[in-house]
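S.K.: any chance you could fold what I've pasted below:
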Amino acid sequence: MQTPRWVAAAVVLLLGLGCERDADPPAVRTAEPAPGASTTLTPLPNSIPNAAPEDGQWVRPAKDYASTRYSGLSEINTGNVANLKVAWTFSTGVLRGQEAAPIVAGNTMYVVTPYPNILYALDLTKPGETKWAYRPRPAAAAQGVACCDVVNRGAVFDNGRIFYNTLDNYTVAVDAANGREVWRTKLGDINLGETMTMAPLVVKGKVLVGNSGGEMGVRGWLTALNESDGSVAWRAYHTGPDADVLIGDSFKPFYAQDKGKDLGVRSWPPEAWKVGGGTTWGWISYDPSLDLIFYGTANPGPWNAEQRPGDNKWTSGAFARDPDDGQAKWFYQWNPHDLFDYDGINELILLDLPIKGATRKVLVRPERNGFIYVLDRTSGEVLSATPYAYLTSLKSVDLRTGRPIEVKEKEPQMGVVKRGICPAAPGAKDWNPSAYSPRTGLIYIPHNNLCMDFEGVEANYIAGTPYVGANVKIYAGPGGNRGEFTAWDPVNARPAWKIAERFPVFSAAVVTAGDVVFYGTMDGYFKALDARDGHELWRFKVGSGIIGQPVAYRGPDGKEYIAVLSGVGGWPGAIVAGQLDPRDSTAALGFADAMKDLPQYSTKGGTLYVFSL
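M.R.: Numbers count the residues shown, from 1 in each chain. Below you'll find the predicted structure:
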């Protein structure tokens, strides 16, 4: 088996930096109100825009276009979830990080594996039996340029077809009935360090996909393919001249710093935008009423910010675009001149919320920089930005300018070790998406409690090799727990309750009309909590740590089921999935040291678990 090049490169690139940290806490603390917590919950029944009746299916990873991950099913509820049992299981046969959401359409479940990106169709009338398997056979060399494990975040069902991406930069369309390939389109080049790990979204006949590889100095983009034949409808780059970024007369950003000609060139040193990152490997939302897609762009390259003075447009921000032609409508930059690899690709939850006495069309974003943002999704104006995790790198967000206010003492420098930077490079929350319930009015956020030491070093660009420029060491934040699960009140901008976890919470969350919220832990527990107060109602020990996306669906028998993939990996789980030496604190871009005890709690895995009453 080929060892991923990023693992070896990280050993060479990153030097161990000394630090102290607290002793490990218990695996979990009982849910408790956080400082400033809400005392009452306010149901917001009409808060999900364009909400459709619950049909029992789960056809896209985020459930709906608003990215709520909310199921209207209620058979499984707070009164009976303690009786949940395993209904059936399925082995994917692949022992790497399992980040995908199972997709359910009709009587079939579709599961995508990490590399080699096998797509399985499972017959729900004969639980666990395989209808067919599609094997795209991606290039083996793609493993060598995958930054943070060879993961895949899943597929999407639309119009009788399954669409998903392969690690070697192909988007494929597969007939959902028989597993036959309908079309296959190549979009990137592994020789440049490009890979594709995100789940597509289908909007108005367009399959929307983005690339990965910011740590390789690739140039980020979002591409729309015609659903019928896989031809390219449009491509919007995230660095470079306005013509490449699809910025024209209809572009109306809210803040002054985002207005001007060719900022995707002028906010960079000469030619640096060509290898500047800004990839899109996270999530896309869509508002049919506004006819706009919303999505984030990732970190600029290299991590060493002294090599790229300027705001580095259009990285670490969020775009609103017309899905028909890709033209940008507005942009907001979470992290101008991103200093800490905070990226900007997390989920954008679309809600209609009462804000200061008026219902506003907003998007809510738990950002990696440690703030939860509420933006007006018609304009990109920041309505609030509130910390939800421990912060030392940023003070606040100036609502007048929209810019974060940095702590100068923590700003990285070449050849100088800056210690105690919180959150760490994986952010207060990484890619793993939150869930929202209109019954409680709360957002359920799986996230990290991590800090780091950071030293900038010179990075030289060589196509297809790491372009990082930093020595990093990551460790637990205050309290010693490395993960948290927080229920957040977006109207009042404050937490309702919070749980501490031993490891970073790297799974997604799902919440149901039964007022139960589900998530998984890296030490292999799948948990059900009361969505109102966070009280743990049920847990089940699976075979490997969970970094996947749980879903809820109605089976052919009319019963409600909960499904999740088990299989540790990803960036924090690389120490297990990549069999790294726990004594090497430099491995996995500095994350291995924070996870050196994970092999005591989880082994490799690749199993789908399905639960029912």
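S.K.: what's the burial count for residue 245?
M.R.: Neighbourhood size, residue 245 [other Cβ atoms under 10 Å]: 26. Where you see a C-beta, it was placed from the backbone N, CA and C, and this is true even at glycine.
S.K.: residue numbering should commence at 37 henceforth.
M.R.: Taking 37 as the first residue, the last one we looked at is residue 281.
S.K.: thought it was touching residue 270?
M.R.: No. Checked against Cβ atoms under 8 Å, the pair residue 281 and residue 270 is beyond contact range at 11.5 Å.
S.K.: can you report how many residues neighbour residue 373?
M.R.: So residue 373, with other Cβ under 10 Å, has 18 neighbours.
S.K.: oh, I was asking about residue 627
M.R.: For residue 627, the number of neighbouring residues by other Cβ under 10 Å comes to 29.
S.K.: how about residue 534?
M.R.: Residue 534: 22 surrounding residues under other Cβ under 10 Å.
S.K.: tell me if it really is in a strand.
M.R.: Yes. Counting by DSSP: H, G, I helix; E, B strand; the rest coil, residue 534 is part of a strand.
S.K.: which strand residues bridge it?
M.R.: Beta-bridge partners of residue 534, counted by DSSP bridges, are residue 68, residue 522.
S.K.: can you pull the pLDDT of it?
M.R.: pLDDT recorded at residue 534 is 97.
S.K.: separation between it and residue 562?
M.R.: 20 Å (Cβ to Cβ, to the nearest Å).
S.K.: could you find the closest non-adjacent residue to residue 555?
M.R.: Spatially, and ignoring its direct neighbours in sequence, residue 555 is nearest to residue 545 (4.7 Å; Cβ to Cβ, 6 or more residues apart in numbering).
S.K.: who's in contact with the one you found?
M.R.: Residue 545 makes contact with 105, 469, 470, 471, 480, 481, 482, 521, 553, 554, 555, 586, according to Cβ atoms under 8 Å, 6 or more residues apart in numbering.
S.K.: just read off the phi/psi values of it.
M.R.: phi -120, psi 150 (degrees, to the nearest 10).
S.K.: next one: residue 127
M.R.: Dihedral angles (degrees, to the nearest 10) for residue 127: phi -90, psi 130.
S.K.: please identify the buried residues of stretch 431-446?
M.R.: Residues of stretch 431-446 classed as buried under the neighbour-count rule (16 or more other Cβ atoms under 10 Å) are 433, 438, 439, 440, 442, 446.
S.K.: how close does residue 90 sit to residue 575?
M.R.: Taken as Cβ to Cβ, the span from residue 90 to residue 575 is 26 Å.
S.K.: residue 324 touches residue 86, doesn't it?
M.R.: Yes. Assessed by Cβ under 8 Å, residue 324 is found in contact with residue 86 at 5.1 Å.
S.K.: joint contacts of these two?
M.R.: residue 101.
S.K.: on that earlier part again, now, which of the buried residues of stretch 431-446 lie within strands?
M.R.: 433, 440, 442 (DSSP state E).
S.K.: okay, those residues in JSON lines with distance to residue 219 next?
M.R.: Shown next, in JSON lines, are those (distance: Cβ to Cβ, whole Å):
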{"residue": "433", "distance to residue 219": "43"}
{"residue": "440", "distance to residue 219": "42"}
{"residue": "442", "distance to residue 219": "46"}
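S.K.: just give me the closest of those residues to residue 457.
M.R.: residue 442 (11.0 Å; Cβ to Cβ).
S.K.: ok, that closest one to residue 538 distance?
M.R.: Distance of residue 442 to residue 538, given as Cβ to Cβ: 31 Å.
S.K.: which phi and psi does residue 252 have?
M.R.: As for residue 252, its main-chain torsions (degrees, to the nearest 10) stand at phi -110, psi 10.
S.K.: okay, now it: neighbour count?
M.R.: Burial of residue 252 is recorded as 29 neighbouring residues (other Cβ under 10 Å).
S.K.: quick one: contacts for the closest residue to it other than its chain neighbours?
M.R.: The spatially closest residue to residue 252, leaving aside those adjacent along the chain, is residue 229, at 2.6 Å (Cβ to Cβ, 6+ apart). By Cβ under 8 Å, 6+ apart, residue 229 lies in contact with 181, 249, 251, 252, 253, 254, 499, 500, 501, 503.
S.K.: what is the most widely separated pair among those residues?
M.R.: Spanning the widest gap among the contacts of residue 229 are 251 and 499, at 13.2 Å by Cβ to Cβ.
S.K.: those two - which one has more neighbours?
M.R.: Taking other Cβ under 10 Å, residue 251 and residue 499 do not tie; residue 251 has more neighbours (28 against 13).
S.K.: show me the contacts for the residue lying closest to the more buried one once chain neighbours are set aside.
M.R.: Excluding the flanking residues, the one nearest residue 251 by Cβ to Cβ, 6+ apart is residue 183, at 4.6 Å. Counting by Cβ under 8 Å, 6+ apart, residue 183 makes contact with 42, 231, 248, 249, 250, 251, 252, 607.
S.K.: swap in residue 172?
M.R.: Contact analysis of residue 172 by Cβ under 8 Å, 6+ apart lists 152, 153, 154, 155, 202, 206, 208, 217, 220.
S.K.: now the phi/psi pair for it, please.
M.R.: According to degrees, to the nearest 10, residue 172 has phi -80, psi -20.
S.K.: do the same with residue 489
M.R.: Per-residue torsions, residue 489: phi -100, psi 140 (degrees, to the nearest 10).
S.K.: shouldn't residue 178 be within a strand?
M.R.: No. The assignment for residue 178, made by three-state DSSP, is helix rather than a strand.
S.K.: quick one, grab the pLDDT at it.
M.R.: With respect to pLDDT, residue 178 has a value of 98.
S.K.: that one contacts residue 206, doesn't it?
M.R.: No. Using Cβ under 8 Å as the test, residue 178 is too far from residue 206 to be in contact (9.9 Å).
S.K.: check which residues of stretch 481-497 are buried.
M.R.: So, applying 16+ other Cβ under 10 Å, buried residues of stretch 481-497: 481-493, 495, 497.
S.K.: relative to residue 594, which of the residues you listed is nearest.
M.R.: For those, the nearest to residue 594 is residue 482 (30.0 Å; Cβ to Cβ).
S.K.: quick one: strands adjacent to the helix or strand that closest one falls within?
M.R.: Using DSSP states H and E, residue 482 sits within strand 478-484. Next to strand 478-484 in the sheet, as set by DSSP bridges, lie strand 471-473 (antiparallel), strand 519-525 (antiparallel).
S.K.: what is the rounded mean pLDDT of the first one?
M.R.: Per-region confidence: strand 471-473 scores 98 on mean pLDDT.
S.K.: ok, residues contacting it?
M.R.: Here strand 471-473 makes contact (Cβ under 8 Å, 6+ apart) with 84, 104-106, 385, 387, 400, 478-480, 544-548, 551, 553, 567.
S.K.: give me the element residue 601 is part of.
M.R.: strand 596-602.
S.K.: mean confidence for that strand?
M.R.: 98.
S.K.: do the same with stretch 428-441
M.R.: The model assigns stretch 428-441 a mean pLDDT of 98.
S.K.: can you check stretch 321-338 too?
M.R.: Averaged over stretch 321-338, pLDDT sits at 98.
S.K.: pull the distance from it to the chain's centre.
M.R.: Computed by Cα atoms, centre = their mean, to the nearest Å, the separation of stretch 321-338 from the middle of its chain amounts to 13 Å.
S.K.: end to end, how far does that stretch reach?
M.R.: End-to-end distance of stretch 321-338 (Cα to Cα, to the nearest Å): 28 Å.
S.K.: pull out the buried positions in it.
M.R.: So for stretch 321-338, counting by 16+ other Cβ under 10 Å, buried means 321-323, 326, 328-338.
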